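A.B. asks: My questions concern the predicted model and sequence given below.
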Amino acid sequence: MLTYLLSLPRPLKRLITLAIDTVLLLCAFWFAFWVRIDSMTPLSSWPHWGLILSIVAVTLAFFIKLGLYRAVIRYITAKILVAVTMGMIASAVLLIIAAFYTNIFLPRTIPFIYFSFGLLMIAGSRLALRMIINRSLKLGTKIIIYGAGASGRQLLPALSQAAEYFPVAFVDDNPRLQGTVMHGVTVYPPEKLAMLVEKFEVKKILLAMPSASRSRKNAVIQMLEGLPCEVLSIPGMVDLVEGKARIDSLRKVSITDLLGRDPVDPVPELIARNITEKVVMVTGAGGSIGSELCRQILQNKPKVLVLYEMSEFSLYAIERELTTYLSTHSLDVALYPVLGNVQDQEHVERVLKSFHVQTIYHAAAYKHVPLVEYNVADGVRNNVFGTLSCAKAAINCQVDNFVLISTDKAVRPTNTMGATKRMAELVLQALSAQCSSTCFSMVRFGNVLGSSGSVVPLFEKQIDTGGPITLTHPDIIRYFMTIPEAAQLVIQAGAMGNGGDVFVLDMGEPVKIIDLAHRMVTLSGLTVRDEHNADGDIEIKTTGLRPGEKLFEELLIGENVSVTQHPRILTANEVMLPWEELNDYIEELNLACSHFDQRRIRELLLKAPTGFKPTDEICDVIWNQSR
């Protein structure tokens, strides 16, 4: 029956609502008489019928004017009381005036009782009908909202307007809120979560804590991991304020919430020193770190930002994004996208001279360990000689600052990629020792969350497809940092450079990758299938270490490390070679790459002070195929 009524055309439903309100107003009037004089005698009085029918007609006109019949009952809120109250006040006042001028018998308290009954019946009927409709149509997933603060209270009515979710409880650790009822939903303490999940057969838990610190979110998420529910969260407060997301835009728990730390406020002076009102160039501008550097550089208002990128699509994507950002925020920054290869020193110099670049952030590199193992010569060309070409171009064009984005894999490397990045560091250290015009500095850090090739998006994709999750080794450990934090620290570290500095970012606590996989599975509302749980949802398979892969990474070669003015940036004093000695290695390495002599390339990387200790034989695919 209810489904049939809901399927009727909207004009017909409005007519039915008008008829119901007419009956309710008549009942309110006659009930007022019954309550006041304990008699229904006026029911037989035609003057009284004429009075109330005229009042009802005018009252319905007021309701129409107030938009009462435009509201969809399924989505109405308590605000409906305002419209009904205003209409009933007008109705009661008209009743008093009409009775006075027509001399019809009307006790003084009748209008007030009539007002009360009318308000109760008109508003109450709508709220009751909304509850019946919502409960009868609620075939969606039962959920618990964790967080009964402002965000949780806003989230509940938003979810009530959709059929996908059915909120059954709030959970909050604030004792003052526990036991209260908000929009008909009770607030429970966290200790009752397991009971609530079982009692209501809850499938999802929504985190309504957009402003909580990452450490607080992490603590809550750890508590939720053992429950057989998928954990979702609402967007952060910044996204809500900027209009990038709505309060009911639900998403999976961000890996940032699992592993990220609370960011440290940047030092404004360091952020602005090499950027504000300067000409800045970012190489590898379309990559994970390069693109985030560009975003943060724009926020600090350079005079010009040059995007230097080899990939046409990546350059197009970041240029469009940044152009939109400039337009939205009305920033007066000149933005120039340049296609080019960092190995082409002549082209790099032409760009630097054309725009009078003052600061370079060199993020262009081949960084995927197995791919560089399979393409050794090109990895050396891009990472070593690409850095050398850019550095020489910077010296020739008198660029003020040159910051190299390095990696923790450059420390005692077991793979070619790490060895090439350590060689790139040695190049800048040697050039810095003999050049005073350009300040060279290097910044080392570990894995960044969400970067291309990162384990996190791979695991997410594997979970979405039903598994299995592939893990190279059960004991593998990695450091993680969010891309925005890494970029922010790179900018500040580069501003502290005096020449030849190797900066190391504090990466926090290391993470065991298998534990990360387990957490991601359980937070998706699934279970791991193993020898202890044969009926689990997702299997975790070990595939073996890839070529050049280490079980754990390091950030320091030695113990000679010093603190800086930023608590998460350290500076290391590493071994280096004078340019005269290093140049011999560079020339021989260039010759070996030209001849595609893989053995000689490896010999030189082993001979140079890179600390290179390969764990695999030469894996270059072309070289092995041609043997």
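C.D. replies: Okay, I see it.

A.B. asks: from here on, contacts and neighbour counts on C-alpha atoms
C.D. replies: Fine.

A.B. asks: hang on, V427 in a helix?
C.D. replies: Yes - the assignment for V427 is a helix, going by DSSP: H, G, I helix; E, B strand; the rest coil.

A.B. asks: I figured it hits G386, correct?
C.D. replies: No - taking C-alpha atoms under 8 Å as the definition, V427 is not a contact partner of G386, at 10.9 Å.

A.B. asks: neighbour-wise, which of those two wins?
C.D. replies: Legend: neighbour count by other C-alpha atoms under 10 Å for V427 and G386, higher for V427 (25 against 21).

A.B. asks: quick one: the more buried one and T180, what's the gap?
C.D. replies: Taking C-alpha to C-alpha, to the nearest Å as the measure, V427 and T180 are separated by 65 Å.

A.B. asks: Next, the contact list for R546, please.
C.D. replies: R546 makes contacts with P370, T472, as judged by C-alpha atoms under 8 Å, 6 or more residues apart in numbering.

A.B. asks: Next, give phi and psi for it.
C.D. replies: phi -80, psi 170 (degrees, to the nearest 10).

A.B. asks: Walk me through the domains of the protein.
C.D. replies: 2-135, 138-253, 268-447+483-508+554-607 (automatic domain parsing).

A.B. asks: Just the mean pLDDT for the longest one, thanks.
C.D. replies: To tie it back to what came earlier, the one meant is domain 268-447+483-508+554-607. Over the span of domain 268-447+483-508+554-607, the pLDDT mean works out to 91.

A.B. asks: tell me the most buried of the domains of the chain?
C.D. replies: domain 268-447+483-508+554-607 (a mean of 20; mean count of other C-alpha atoms under 10 Å).

A.B. asks: now for that one, what's the gap between its first and last residues?
C.D. replies: Start-to-end, domain 268-447+483-508+554-607 (C-alpha to C-alpha) is 43 Å.

A.B. asks: Ok, stretch 500-508 next?
C.D. replies: The straight-line separation of the ends of stretch 500-508 (C-alpha to C-alpha) is 25 Å.

A.B. asks: for stretch 202-221, same thing?
C.D. replies: 16 Å.

A.B. asks: cool, stretch 616-624 as well?
C.D. replies: Start-to-end span of stretch 616-624 (C-alpha to C-alpha) is 13 Å.

A.B. asks: May I see the domains of the chain organised as CSV, with distance to M520 added?
C.D. replies: Converted to CSV, the domains of the chain look like this (distance: least, C-alpha to C-alpha, whole Å):
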stretch, distance to M520
domain 2-135, 33
domain 138-253, 9
domain 268-447+483-508+554-607, 18
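
A.B. asks: Roughly how far does the closest residue to R600 other than its chain neighbours sit from V342?
C.D. replies: Closest residue to R600 apart from its sequence neighbours, by C-alpha to C-alpha, 6 or more residues apart in numbering: A592 at 6.0 Å. Applying C-alpha to C-alpha, the value for A592 to V342 is 20 Å.

A.B. asks: right, so of the domains of the chain, which gets closest to G467?
C.D. replies: Shortest distance between G467 and the domains of the chain, using C-alpha to C-alpha, is found for domain 138-253: 16.3 Å.

A.B. asks: Now do that closest one: distance to the chain's middle.
C.D. replies: 17 Å (C-alpha atoms, centre = their mean, to the nearest Å).

A.B. asks: For it, the averaged confidence score.
C.D. replies: Mean predicted confidence for domain 138-253 is 75.

A.B. asks: quick one on the thing from earlier: of all the domains of the chain, which one comes closest to D620?
C.D. replies: Here domain 268-447+483-508+554-607 is closest among the domains of the chain (C-alpha to C-alpha), at 4.0 Å.

A.B. asks: I55 contacts L95, correct?
C.D. replies: Yes - the pair I55 / L95 is scored as a contact, 6.5 Å apart, by C-alpha under 8 Å.

A.B. asks: just the strands in the stretch 451-600 of the chain please.
C.D. replies: Applying DSSP state E, counting those that start in this stretch to the stretch 451-600 of the chain gives strands spanning 469-471, 477-478, 480-482, 501-505, 511-512, 528-529, 538-542, 561-563, 569-572.

A.B. asks: As JSON lines, these with distance to L193 would be great.
C.D. replies: Below are those laid out as JSON lines (distance: least, C-alpha to C-alpha, whole Å):
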{"stretch": "strand 469-471", "distance to L193": "29"}
{"stretch": "strand 477-478", "distance to L193": "32"}
{"stretch": "strand 480-482", "distance to L193": "30"}
{"stretch": "strand 501-505", "distance to L193": "39"}
{"stretch": "strand 511-512", "distance to L193": "27"}
{"stretch": "strand 528-529", "distance to L193": "22"}
{"stretch": "strand 538-542", "distance to L193": "24"}
{"stretch": "strand 561-563", "distance to L193": "44"}
{"stretch": "strand 569-572", "distance to L193": "40"}
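
A.B. asks: Of these, which is nearest P268?
C.D. replies: Of all these, the one in closest proximity to P268, counting by C-alpha to C-alpha, is strand 569-572 (15.0 Å).

A.B. asks: Now find how far off-centre stretch 326-334 is within its chain.
C.D. replies: Centroid separation for stretch 326-334 versus its chain: 24 Å, with C-alpha atoms, centre = their mean.

A.B. asks: Just the residues contacting that stretch, thanks.
C.D. replies: So stretch 326-334 is contacted by L298, K301, P302, K303, V304, L305 (C-alpha under 8 Å, 6+ apart).

A.B. asks: Among those residues, name the ones in helices.
C.D. replies: Under the assignment DSSP state H, these contribute L298 to helices.

A.B. asks: how much space between V171 and G152?
C.D. replies: According to C-alpha to C-alpha, V171 stands 10 Å off from G152.

A.B. asks: list residues touching both of those two?
C.D. replies: Counting by C-alpha under 8 Å, 6+ apart, the residues touching both V171 and G152 are I145, Y146.

A.B. asks: Would you check that F385 makes contact with Q343?
C.D. replies: Yes - under the criterion of C-alpha under 8 Å, F385 makes contact with Q343 at 6.1 Å.

A.B. asks: Where do the strands of the stretch 1-150 of the chain begin and end?
C.D. replies: 141-146.

A.B. asks: can you give me the helices for it?
C.D. replies: Counting by DSSP state H, counting those that start in this stretch, the stretch 1-150 of the chain has helices at residues 2-6, 10-37, 46-65, 80-102, 110-137, 150-160.

A.B. asks: Between the ones you listed, which one is closest to M507.
C.D. replies: helix 150-160 (31.1 Å).

A.B. asks: Give the other helices and strands that the closest one contacts.
C.D. replies: strand 165-171 (3 or more C-alpha pairs under 8 Å, 6 or more residues apart in numbering; DSSP states H and E).

A.B. asks: Tell me which strands the strand it packs on pairs with, and in which orientation.
C.D. replies: Within its sheet, strand 165-171 is paired with strand 141-146 (parallel), strand 185-188 (parallel), according to DSSP bridges.

A.B. asks: tell me what the next helix or strand after that strand is packed against?
C.D. replies: Heading C-terminal from strand 165-171, the first helix or strand you meet, by DSSP states H and E, is strand 181-182. With contacts defined as 3+ C-alpha pairs under 8 Å, 6+ apart, strand 181-182 has no helix or strand neighbours.

A.B. asks: which outside residues touch strand 181-182?
C.D. replies: Outside strand 181-182, the residues touching it (C-alpha under 8 Å, 6+ apart) are R153, V187.

A.B. asks: Please repeat the previous calculation with a cut-off of 7 Å.
C.D. replies: Strand 181-182 has contacts (C-alpha atoms under 7 Å, 6 or more residues apart in numbering) with V187.

A.B. asks: For the spatially closest residue to M481 that is not a sequence neighbour, give its distance to P609.
C.D. replies: Closest residue to M481 apart from its sequence neighbours, by C-alpha to C-alpha, 6+ apart: V448 at 4.8 Å. Distance of V448 to P609, given as C-alpha to C-alpha: 27 Å.
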